[in-house]
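> Provided below are the primary sequence and the corresponding predicted coordinates.
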Amino acid sequence: MIEQNYIQMLEDSLEKKVDILKQLQILCREQAIILQDEDAGPEMLDENMDKKQALIDHIEKLDAGFEDVFAKVRVELESNRQVYAQNISHMQELIRDITDRSVNIQALEQRNKDLARDRFQSVKSHVKEIRQSNQAATTYYRNMMNLAHVDPQFFDSTK
């Protein structure tokens, strides 16, 4: 009976992981929207990334717990496969779902990485343009100030 509780814990852990991966997918899509929005500030991106990191940390804890519990019931599952066939089938289905969602998240993350690189490149070039404009304005201002001031000049009339 203890093994049945452990097996239920394994299934619950996998179901929680699926739920967390669903939330991660939503956050990845939101991140793409933030990166594409010209008016979005860095605070929005930071907040999104903090939420994603919290979910990733939770997944890592779930994975560690899953491995510990699975180590306890591995022998029982392998030796009595027919008894736990329904549980095993459900866990395999959950693992397939987890794998599909993980692949999807990796693809979303790669797209977000490309969007972020493009966005940061755009911001960098915009900052460069602003600096050049400021330098040109400063140079123009200095030149105009120097035109108003004429250095003393001597006229040699002794020829």
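Yes, it's here. Residues are numbered from 1 along each chain as shown.
> which ones are touching the most centrally placed residue in the chain?
In the chain, the centroid-proximal residue (C-alpha atoms, centre = their mean) is Met49; its distance is 5.2 Å. Applying C-beta atoms under 8 Å, 6 or more residues apart in numbering, we find Met49 in contact with Gln31. (C-beta placed from N, C-alpha, C; glycine too.)
> Quick check: buried residues in stretch 90-97?
Neighbour counts over stretch 90-97 (16 or more other C-beta atoms under 10 Å) mark His90, Met91, Leu94, Asp97 as buried.
> Now, those residues that are in strands?
If you go by DSSP state E, the buried residues of stretch 90-97 have nothing in strands.
> what's the closest of the residues you listed to Leu77?
Taking C-beta to C-beta as the measure, Leu77 sits nearest to Met91 out of the buried residues of stretch 90-97, at 9.3 Å.
> hmm, back to that, what about the residue nearest to the centre of the chain, helix or strand, and which?
helix 42-79 (DSSP states H and E).
> buried ones in that helix?
By 16+ other C-beta under 10 Å, the buried positions in helix 42-79 come out as 44-45, 48, 51-52, 55, 59, 62, 66, 69-70, 73, 76-77.
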